[in-house]
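Enquirer: give me the fold of what follows.
(one chain, ligands or ions: 1)
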Amino acid sequence: MTKIKSKKKFGQHFLINEELASDITKKLIFRDSIIEIGPGKGVLTKNLLAQKVSNLVLSEIDNDLVTYLSIRFPGLKIISGDILTLDFNKLFENKFSIIGNLPYNISSQIIFKILDNRDKILEFVIMLQKEVAERICSAYNKKSYGILSVLTQTYYDMSLSEKILPNNFEPPPRVDSCVIHAVRNDNIDIGIGYNKFKTIVKNCFQNRRKTLRNSLKNLNLPKEFTSSDIFSSRAEQLKLNDFIWLSKEINKINHEVRTNK
Ligand code: SAM
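Expert: Residues are numbered from 1 along each chain as shown. Presented below is the predicted three-dimensional model:
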């Protein structure tokens, strides 16, 4: 097989630690109907197939790798193109899982896409830049706590791996990495639609140093409402349940909260 050169524009850093690859794929609980994002040369794919999975689909943007993978894994479904434009609903009728060592430059966009499809995605196991992984899994009252932490943790139970050093990849990335494992929780209906919830959470974090009373001024909430104690807090001081409560209350008062998807 021809030697594959890594392409910077696709965020290609190939995992070369076989033991780590096996550990990552073993984390997956739901093993029927899986999308692997960015399989690269197939280091995770090989382990998934060895550990028995069904209905595995690969999504890879690099045509050279698509050709390589189709020779290495004949018969496996490979979707050539950008994961961000892939319509998950056309892929699986049932619920499914996601696994992948992500292209780090688009990892936040991939998480938002997963959240948009949260009721179909039972689980995801993904490797990403350590700082982004820490933000997603962050507890409240920390600098790393933000929109991604609140939205992801509202719908998924999360765990974070130890740090993974650059020398586990070829070429090595400039940053450390971590694996996050997310399993869908029981929050199916939190009492407010996802897009409204997302808009309110985004508004709360617009300026982290401001109190909620100031951050949410653009929603024109009544003074009686914003005089309560919670509005003297900053967004990072709110627990997940506080965000859910606050969003529902705001939605009751202001049905016109405009969503910006
Ligand atoms: N999984 C392989 C591994 O662990 O060695 C490769 C990981 S590499 C960090 C990221 C992979 O995602 C590359 O194969 C790259 O071509 C692919 N990729 C980049 N952007 C993508 C996109 N928008 N949609 C699908 N795949 C993408």
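
Enquirer: what does the stretch 101-250 of the chain have sitting close to the ligand?
Expert: Residues of the stretch 101-250 of the chain found near the ligand (C-beta under 6 Å from any ligand atom) are Asn101, Pro103, Ile106. In this view, the C-beta of every residue, glycine as well, is placed from N, C-alpha and C.

Enquirer: which of those residues fall within strands?
Expert: Under the assignment DSSP state E, these contribute Asn101 to strands.

Enquirer: show me how to select, in ChimeraX, the buried members of the residues of the stretch 101-250 of the chain next to the ligand.
Expert: Here is the ChimeraX selection string for the buried members of these, based on 16 or more other C-beta atoms under 10 Å:
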select :101,103,106
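
Enquirer: okay, now the unreliable bits of the protein?
Expert: Counting by pLDDT under 70, the chain has low-confidence residues at 1-2, 255-261.

Enquirer: what's whichever helix in it runs longest packed up against?
Expert: In the chain, assigned by DSSP state H, the helix with the most residues is helix 240-253. Counting contacts by 3 or more C-beta pairs under 8 Å, 6 or more residues apart in numbering; DSSP states H and E, helix 240-253 is packed against helix 147-155, helix 194-204.

Enquirer: need the ones you listed in TSV with distance to Pro39, can you?
Expert: Listed next are those as TSV, based on distance: least, C-beta to C-beta, whole Å:
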stretch	distance to Pro39
helix 147-155	23
helix 194-204	29
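
Enquirer: thinking again about what came up before, send the alpha carbons of the longest helix of the chain over as CSV?
Expert: Output of helix 240-253 as CSV, limited to C-alpha atoms (Å, rounded to 0.1, in the frame of the first residue of the first chain):
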residue,chain,number,x,y,z
LEU,A,240,-26.6,22.7,35.8
ASN,A,241,-30.0,22.6,37.7
ASP,A,242,-29.8,26.4,38.2
PHE,A,243,-29.4,26.9,34.5
ILE,A,244,-32.4,24.6,33.8
TRP,A,245,-34.5,26.4,36.4
LEU,A,246,-33.5,29.9,35.2
SER,A,247,-34.1,29.1,31.6
LYS,A,248,-37.6,27.7,32.3
GLU,A,249,-38.5,30.8,34.3
ILE,A,250,-37.2,33.1,31.6
ASN,A,251,-39.1,31.2,29.0
LYS,A,252,-42.3,31.5,31.1
ILE,A,253,-42.0,35.3,31.2
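
Enquirer: quick one: distance of it to the chain centre.
Expert: Put simply, helix 240-253 sits 23 Å off its chain's centre (C-alpha atoms, centre = their mean, to the nearest Å).

Enquirer: how about stretch 233-241?
Expert: Worked out by C-alpha atoms, centre = their mean, stretch 233-241 lies 21 Å from the chain centre.

Enquirer: and it, what's buried?
Expert: Quick answer for stretch 233-241 (16+ other C-beta under 10 Å): Arg234, Ala235, Glu236, Leu238, Leu240.
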